[in-house]
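1. everything below, folded, please.
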Amino acid sequence: MNRTAPIASPVVIVGGGIAGLSTAWYLQQRGVPYTLLEEAGRWGGHVLTETVETAVGRFIVEAGPDSFITQKPWGMQLARELGLADRLVGTNDRMRKVYVLSKGRPIPMPDGVLLIVPTRFMPFVLSPLISPLGKLRMGLDLIIPPRRDGADETLADFVRRRLGNEALDKIAEPLLSGIYNAEADRQSLLATFPRFRELELKYGSLTRGMLAARANGRGRRADGDGRQPLSAFMSLAGGTGELIEALVGRLTGDLRLNARVERLERSADGSYLVSTARGEPLHARAVVLAVPAFVAAGLLHRLAPEAAAVLAGIRYVSTGTISLAYRLDEIPRPLLGFGLVVPGSERRPINALTWSSLKFAGRAPEGYALFRVFFGGSRSPRSMELDDAALLATVREELRGLMGIAAPPFFHRIYRWHRANPQYDVGHNDRIAWLEHMLPAGLYLAGSPYRGVGLPDCIRQGQETATRIAAGLTAVFPVAGVQRAS
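-> Purely as a prediction, here's the structure:
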């Protein structure tokens with residue numbers, strides 16, 4: 001064992017993705033010193049934006065998340081705290097149309113569908129997306145009694161129960177499971193879309209609940225003046241990577257890249273010894289594991305074996321994206337909207353398509369389009385196994401059939417995220433609550449495997465973790481300079 005004297009740091013954060021960075025930021029706001037360790041050679045985890053400079057202009061290519069939902073305020077709050085308010089950009093809502101692939105044909109989602117529920121009668125009735133019998137079955141939602149036992153269920157079971165199989169296949173599975181890269185037949189309703197259960201209980205049906213939400217104006221947050229509505233999704237002019245750059249630029253703690261943690265031990269006084277691959281031990285009063293669940297399991301298998309077993313049981317899937325640029329005059333059959341979702345029943349090698357340069361302004365130069373195609377996960381796992389050349393050929397064939405694009409792309413970028421998407425299986429919330437209860441004092445978990453996968457969810461977890469740590473340190477281990485959390 002390395003006998004070098006440990007370096008004291010009140011808090012060690014393991015993992016430099018958005019959850020770890022947010023934890024550091026909110027600890028810093030409370031005056032708590034910290035050390036942030038990241039195994040990779042860059043910050044941000046799955047948040048990665050590439051700026052591609054070409055002879056015709058600049059393209060903004062997202063490798064990971066391209067935006068954050070404004071209904072959850074923590075992403076907007078952090079951006080404003082970092083001085084990025086004037087860099088925020090909303091979606092091009094004039095083009096806010098989504099297509100669904102149905103029997104090989106792109107069909108527009110009917111106007112007025114909120115998540116999975118139609119809130120406008122005529123567009124839904126006239127749409128060919130759902131059969132007449134399927135529409136009648138969805139209408140039964142108005143009379144089916146709500147489930148009141150409080151138990152979790154799969155998203156698929158919930159949608160089948162309230163709206164029927166067609167609604168699951170054509171709307172819920174590609175749209176809602178697509179957000180989580182999950183299998184609807186295993187996906188926890190209460191961990192991913194608890195609002196559906198809340199609406200069911202409060203209004204007796206999803207349809208009545210969504211109509212009430214629409215009438216009350218819920219789902220769209222006001223801007224800083226409280227009057228101007230925001231887009232449902234926001235990004236930054238330079239892509240989501242701009243949030244990471246600003247965050248890292250404002251952090252003043254001990255930040256270390258290429259710092260893989262190999263061992264985590266607990267001392268007799270309740271503090272922790274964190275050892276890195278470089279052999280430099282760190283002595284901490286609190287440790288935050290903002291890493292994939294399977295990485296956390298490896299670090300805890302001796303310290304907390306029962307918690308490690310639960311962490312190891314959280315499933316992951318691998319996903320990827322390929323971004324392609326084209327001249328607009330090379331697109332004979334444009335799908336003028338945000339994109340296309342592909343139900344699993346279509347058995348295609350791709351899961352979805354986003355027209356990035358229509359969704360957000362400034363993603364491509366004038367006269368050019370930028371697309372992002374999604375693959376992998378539970379719906380097209382074999383696409384992850386293709387080499388880059390085969391994947392490009394496969395995606396080009398899909399674009400030829402969907403939009404008539406025969407030209408080679410102006411450029412393309414492929415990103416693969418192996419074991420990157422945690423799966424919130426039924427019972428997820430109970431497992432995480434038990435896990436947090438079983439952790440030794442001073443040890444915390446944060447990030448996408450636990451209480452939300454989106455940017456705002458991970459930022460919120462960082463904020464809440466920092467608050468708990470600051471309160472614990474001032475109460476149990478007084479540290480000079482630490483401000484007591486309010």
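
2. show me how this structure divides into domains.
-> 7-45+240-314+426-476, 49-94+315-422, 109-216 (automatic domain parsing).

3. right, and the ones you listed - which one's nearest Leu230?
-> When the domains of the chain are compared by Cβ to Cβ, domain 49-94+315-422 sits nearest Leu230, at 4.7 Å. C-beta coordinates here come from the backbone N, C-alpha and C atoms, glycine included.

4. where do the strands sit along the stretch 251-400 of the chain?
-> 254-256, 261-266, 272-276, 281-284, 286-289, 316-327, 339-341, 352-355, 368-376 (DSSP state E, counting those that start in this stretch).

5. okay, the second one in PDB with CA atoms only?
-> Taking Å, rounded to 0.1, in the frame of the first residue of the first chain, the C-alpha atoms of strand 261-266 are listed here in PDB:
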ATOM      1  CA  VAL A 261     -10.400   6.000  -8.500                       C
ATOM      2  CA  GLU A 262      -9.300   2.500  -7.600                       C
ATOM      3  CA  ARG A 263     -10.200   2.100  -4.000                       C
ATOM      4  CA  LEU A 264     -12.500   3.600  -1.400                       C
ATOM      5  CA  GLU A 265     -12.000   2.800   2.300                       C
ATOM      6  CA  ARG A 266     -13.500   4.000   5.500                       C
END
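
6. so where's this structure uncertain?
-> 1-8, 217-229, 474-486 (pLDDT under 70).

7. in the chain, which helix is the longest?
-> helix 455-476 (DSSP state H).

8. just the strands of the stretch 251-400 of the chain: most buried one?
-> strand 286-289 (a mean of 28; mean count of other Cβ atoms under 10 Å).

9. and it, how far from the chain's centre?
-> Remark: strand 286-289 is offset 22 Å from the chain centroid, using Cα atoms, centre = their mean, to the nearest Å.

10. which residues of the stretch 1-150 of the chain fall in strands?
-> Under DSSP E, counting those that start in this stretch, the stretch 1-150 of the chain gives strands at 7-8, 11-14, 34-37, 49-54, 57-62, 68-69, 88-90, 98-102, 105-108, 113-114, 117-118.

11. pretty sure Leu176 is touching Ile116, no?
-> Yes - counting by Cβ atoms under 8 Å, Leu176 touches Ile116, with 6.6 Å between them.

12. just to revisit the earlier point, now the domains of the chain as CSV including distance to Leu101?
-> As requested, the domains of the chain are exported to CSV (distance: least, Cβ to Cβ, whole Å):
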stretch, distance to Leu101
domain 7-45+240-314+426-476, 24
domain 49-94+315-422, 5
domain 109-216, 8
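
13. what's the closest of these to Ser102?
-> The nearest among the domains of the chain, by Cβ to Cβ, is domain 109-216 at 6.0 Å.

14. distance between the ends of the closest one?
-> Its start and end residues considered, domain 109-216 measures 23 Å (Cα to Cα, to the nearest Å).

15. also stretch 260-276?
-> Stretch 260-276: ends 5 Å apart by Cα to Cα.

16. could you do stretch 24-37 as well?
-> 11 Å.

17. ok, back up a step: what helices or strands is the longest helix of the chain leaning on?
-> helix 18-29, strand 68-69, helix 74-81, strand 286-289, strand 443-445 (3 or more Cβ pairs under 8 Å, 6 or more residues apart in numbering; DSSP states H and E).

18. ok, now with 6 Å
-> helix 18-29, helix 74-81 (3 or more Cβ pairs under 6 Å, 6 or more residues apart in numbering; DSSP states H and E).

19. residues in contact with that helix?
-> With contact meaning Cβ atoms under 6 Å, 6 or more residues apart in numbering, helix 455-476 is reached by 11, 18-19, 22-23, 26-27, 30, 32, 65, 68, 72, 74-75, 78, 286, 288, 444, 446-448, 451, 479, 482, 484-485.

20. that'll do, ta.
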